[in-house]
Each structure stands twice: as structure tokens, then as C-alpha cells.
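Q: Coordinates only, no sequence provided:
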């Protein structure tokens, strides 16, 4: 459909002869070493069956839209696993939360029959109508109501049907939930409150079904904000958010609901909030993203290796607030170059905060200006979506700009 | 007033012949006197109150009609709009299209008071059988006259039904039975019941109606074909019409190369 339009960056990258020779003789192009989830070692010993399925797991990728999903693998020490996609993992996490905490409740629009994305499937049948119930169509009411229930001692999981609809609730989240503990000197709190919202581009969402509003909330102290890249991370992170004593917002990249398929541990496990994951180690450029973008960046790292002869360190930020400064700074100190990519618009996106902090802390280590590859400063468009999202070619162009500075 | 079939279909497909140049898609159709569909349901009602205020202020005899559903009827901003409209006697007709379901949640499960025509508190309300074409026409005529006479606002609840799911991600059957849908289709369908009414009244024949059907089918088929063949707008429009006066220079977003010049396209319908 768009073959007649070739932006300059794409022409440049696709035709290798346009890539300028490096000026810095110090580039050697070292090989990258892949590392798994949480830097655990890959298991190579085991029954033949397991080995075959591990290999198949790594080689099987589900292709969708502008990225290729790369599943996480978990070592056998994690126990029994089951094949799940993102919405099933979210469902499982909430099932465990309700089973383990008698005060836990889930509510939101249309959650009773399973929800638009099936995240709450069967939960009402299993845990009862008094614990899993539909609310009317009133986001502000849902948020305020959730805060009240949490203050009174319930563990609240409130769903916003789409992150784009969260804005009527913005006042309650920002002015009430985030500030509750602080304003009363810790006398009260609404910490056991988690908002869940599907976010991000999905191919056809247009203005109001594609937004990534994490930056609006990151600007509010008192909230914790998390965005998983896949099923395994989602289950553990959601359980951490639900059990956290601070109000959390859990953004779920909706395009990953069905495509993010992994072997997810069946047990009850939590993953740490505030800790970024280094998915690929590299020497020359740090690539930083979250949610769906992480999978784009993995591909960019491979392209950069093939076409630019540089190795990239790919980091999943995981937690938007508080973001893992230590991991990012250490990585930039090592590589000297940073490319941040996010779907949200450029102006005052989270990339701006990270770039400002990194330039302050790692100024003398930077070899090039920090690059941000983001959505344009326009509303999320309808027909122009392929030109809006920070796809692998644009990210690769940023890597090239950083490397050739 | 209104948008021809081609304009609607092209807009759904995101083509330049669409009523919003393909930029809005299914939820954002705009035309003179039609201030849009809203993806964020309920947002249009305070907008309607404002439009009503403008009519009153300008004294142009205009009336605003704001439509929303039984789901959106529970949005707080509606009540803010009803209050302002009543306080200032605005010529607004608030129409609640009650189809019984807010996507997957039935009206009874979402609203403490399902008599949506009473939800306006001091704003008088009319209950209308939304499946009866003539009833809707007469009620609208009545409500409009009230507003024109300065006795607005008015709330109208049109009781109707939704056969299909709410959207692509809703099969429409996980929260209700197929029998229910069939029953409404057979007993209350507005088009077939109106057809029966006018045939039985001797106003027309089945033959004549069939001819109308065929003509329209031809028209719609042609519009579909044209819409599919229409082109999309060019990439230059990505950064068009964000502002009236762009002070920011080229619109940024990407690392290099792909900055966009902000342009303004076309004349505004509501320009002074």
C-alpha cells in the first residue's frame, strides 16, 4: 500500500552503499552475547524432548504488524509452565490474586463476560459476582470508587477499557490516588489499588484506541507505572502491582494480547517493580524501549549488527516510574550512545526525561547526542499509522546517526 | 445536511473522499451542522450544550440535538451538561438511544434508573418508541418546537435495539441469547414494521418498495466501488491541521529526515 512512498531514512538504510564509512577507527564490531530474562543462564542439559521444545520455542516467532514477537524463556527451575498469551497471563495473575487475597476485587466496563480483550474471562464465575463486577460507563467514577474501596482495605484492580479512556479519571488518579498518602502524613493510603489499561498502537486503532499515555502519569509523583513486554513479565509484574502498597498503573500493550505467546510458570510469582531488563548485551549503542517497542528494538539490534557492524545493548525499561536509572546509566557509560524509542509523541514523552537525566549523569561518557525515535507531535493518526510508529527502519536510522556522529 | 453514502464509506476506509478526508475513520465523521461522532462516549453532550448556547446567543432559531447511548448515560459530564442547559434554558434536545446494552453490559446492570428520559432531573423528558419511524419523527418535531419556543432543553429517550455486536471485538452473543436478538428482529424491526404499516394503509405496494430497494442497492454498490477505488490522502497531511497557527516550526517526531511541515487544509465549516 505504501510502496510508492519511501522516506529518506528508509532509502538510506536499505541501500547499503549509502552508509558512510566510520570515521572512528576504534570500532571493532564485537559479537553480542544474548542473555535471557533476568540474566539467567540458558539450560542446555535435559531430556531430549525439552531441548527440542526449547529450540523450537526460540525459533518460533509470531509475526504481527511492525514487529516480530520474541518470547522470553524461563529456566526449568521456575517449575511447571503452561503456554499462554498476554491476556491469558494477565487473567492468570488476577485469578491468583483473587484466590490468595480475599479482599481483592476486580471491576470495570464489561469485565463480567470477560472484557473486550478477554483478560477477565471466567473470573466472575470462579470468584463470584460480588468480587468481579461491571461498572457503568464512568471512568471518573470508577477511579474514585476504586480509591475509596482501597482506602477502606480492599485490594482493588480497576480496569480502564482502553488507556485512551483514562482521561476522565485523570483527576482522581493524579489528584487523589497519587497524593493520598502524602497529604495526610501517612494516616491513610490507597496503596492497594491497581489500574489496568490496554495501551498502544494496534494497527487500526486511530486516535482513541492507540494512545500510550504513560508520560502524563510519570509526571505525577506517588504513582508506580509498569508496562510488560510479554506474558511471563506481565503475570509477575501484575501480581507485584496488585500487591504493592502504592497505587499502580499497569499498561498492557494491546497488540501483544494474542501475539505474545510464551511458556509461563503456573506458580504464583512476582517480578520486581523498578528494575529494567538487559535483553541483549552490546558494546556500541544502548537501545531503550518498553512494551511492544522492545521487540522492534531486538530486530534493530540485529539489523545494526548486519548492516552497521555495531553491537547494541537492548534494554526493556519495564517500569516507567520509577525508571531504573542505575541500569540505564551503567549501560550508557559502557556504550556511550543511547537511542530511546517510544510510540508516544516526542514532545515531553518519557524519552525526554530519560535523555535529560542521562545527559546530566553520563555527559562525559556520551559519544553522540541522545537519539529519540518516537511518534510525531500529532494526534495518533488513522490512515498514517505506519508512518507514525517508531518502526525498525527509523530506529536503525537513529542508531546510524548515533554511531556516525 | 448529512453525508452522502460515498462520503461515509470512504471515511470508513480512510480515503480522501471521506467526510473527514479519511482522518477520522468510523468514529469521527463530520459534516456541516454535524459536529461529529465521538470515540470517547459522552464527550459530545457538554459540546451540545455549548452549541445550544451559541444558537440562543446568536438568536438564529437553531436547535442542538446531542445523541448518546444508554452506556454513556452514566457519564458524569452529561449531568453537568443537563444542569447548565436547564439553568440557562438552552435549545438542546438530548437524545438517549437506549438499545439495552452498553456494549456487553445490559442497561439494568449499568443504571440504577433505567428510565433514561427521567435522568435529566429538572429537564423534561419524553419516552419514544425508537423502533417506530413515525413516533420518532413526531417526537423530534415536538421537541424541536419546544426548543424553538424557548422552552428547552428537552431529553428524549428512544428505545431501540442493537442486533450486532458493539464493535469488531464484540461478537454480540456472549452477554445475551440469540433468541432475544431474533425475537426483536421479528417483532420490532423498524424497517419491516414501517413497511407493513404503509402497505397495509394502502400508501404503497410491495412492488414499489422493492424498486426503491433496488435503486438504493445500486447506489450503495456504486458508492462502495468508488470508495474502494478512492485513494488515501498523501503523507503531507500527517501534520496538517494540528493548530490554526503553527508556531512550532516543522512537526518533529523522528530522528532525521521525516519532519513534517504543518499545513492547514481547506476552509473550516464553523469559521467566522
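A: Received the coordinates, thanks. Since this is a predicted model, take the numbers as computed values, not measurements. Numbering: from 1, shown residues only, chains lettered A, B, ... in the order given.
Q: separation between residue A:206 and residue A:161?
A: 16 Å (CB to CB, to the nearest Å). For every residue, glycine as well, the C-beta is placed using N, CA and C.
Q: Likewise for residue A:340?
A: In this structure, residue A:340 and residue A:161 are 29 Å apart, going by CB to CB.
Q: Among those two, which residue is more densely surrounded?
A: More crowded of residue A:340 and residue A:161, by other CB atoms under 10 Å in any protein chain shown: residue A:340, with 30 against 22.
Q: So that one belongs to a strand, correct?
A: Yes: assessed with DSSP: H, G, I helix; E, B strand; the rest coil, residue A:340 lies in a strand.
Q: quick one: contacts for it?
A: Under the criterion of CB atoms under 8 Å, 6 or more residues apart in numbering or on different chains, the contact list for residue A:340 reads A:288-289, A:350-351, A:354-355, A:370-374.
Q: check contacts around the closest residue in space to residue A:248 that isn't next to it in sequence.
A: Sequence neighbours aside, residue A:241 is the residue nearest to residue A:248 in space, at 3.8 Å (criterion: CB to CB, 6 or more residues apart in numbering or on different chains). Under the criterion of CB under 8 Å, 6+ apart, the neighbours of residue A:241 are A:194, A:224, A:226, A:248, A:250, A:273.
Q: go on, residue B:135?
A: By CB under 8 Å, 6+ apart, the residues touching residue B:135 are B:128-129.
Q: Would you tell me what helix or strand it is located in?
A: helix B:133-148 (DSSP states H and E).
Q: swap in residue A:315?
A: Residue A:315 belongs to strand A:312-316, assigned by DSSP H and E.
Q: Give me the contact list for the next helix or strand after that strand.
A: Scanning forward in sequence from strand A:312-316 by DSSP H and E, the next helix or strand is strand A:319-321. Here strand A:319-321 makes contact (CB under 8 Å, 6+ apart) with A:214, A:217-218, A:223-227, A:251, A:273-276, A:290, A:350.
Q: ok, of those residues, which come out buried?
A: A:214, A:217-218, A:223-227, A:251, A:273-274, A:276, A:290, A:350 (16 or more other CB atoms under 10 Å in any protein chain shown).
Q: how deep is the residue nearest to residue B:55 when sequence neighbours are not counted tucked in, by neighbour count?
A: For residue B:55, ignoring the flanking residues on the chain, the nearest one in space by CB to CB, 6+ apart is residue B:62 at 3.7 Å. When neighbours are defined as other CB under 10 Å, residue B:62 has 15 of them.
Q: what's the answer for residue B:238, then?
A: Per other CB under 10 Å, the neighbour tally for residue B:238 reads 22.
Q: The residue nearest to it when sequence neighbours are not counted and residue A:283, how far apart?
A: With sequence-adjacent residues excluded and distances taken as CB to CB, 6+ apart, residue B:238 is closest to residue A:384, at 4.7 Å. Distance of residue A:384 to residue A:283, computed by CB to CB: 36 Å.
Q: which residues touch the nearest residue to residue A:173 once chain neighbours are set aside?
A: The shortest distance from residue A:173 to any non-neighbouring residue, by CB to CB, 6+ apart, is to residue A:143 (5.6 Å). By CB under 8 Å, 6+ apart, the residues touching residue A:143 are A:158, A:169, A:172-173, A:176-177, A:195.
Q: again, only using 7 Å
A: A:158, A:169, A:172-173 (CB atoms under 7 Å, 6 or more residues apart in numbering or on different chains).
Q: Then residue A:403?
A: For residue A:403, the contact set (CB under 7 Å, 6+ apart) comprises A:284-285, A:308, A:310, A:337.
Q: again, 6 Å this time
A: With contact taken as CB atoms under 6 Å, 6 or more residues apart in numbering or on different chains, residue A:403 is in contact with A:308, A:310.
Q: For it, give me the pLDDT.
A: What the model reports for residue A:403 is a pLDDT of 96.
Q: do you know how far it is from residue A:396?
A: Taking CB to CB as the measure, residue A:403 falls 10 Å from residue A:396.
Q: Next: residue A:405.
A: 15 Å.
Q: Could you pick out the longest helix of the chain?
A: Since no chain was named, I'll use chain A. helix A:86-100 (DSSP state H).
Q: meant chain B, my bad for not saying
A: Ordering each helix of chain B by length in residues (DSSP H) puts helix B:206-229 first.
Q: Give the other helices and strands that that one contacts.
A: Judged by 3 or more CB pairs under 6 Å, 6 or more residues apart in numbering or on different chains; DSSP states H and E, the packing partners of helix B:206-229 are helix B:5-12.
Q: what's the angle between the helix or strand following the helix it packs on and helix B:133-148?
A: Using DSSP H and E, the helix or strand that follows helix B:5-12 in sequence is helix B:44-58. Angle, helix B:44-58 to helix B:133-148, by axes from the mean of the first three to the mean of the last three CA atoms, to 10 degrees: 50 degrees.
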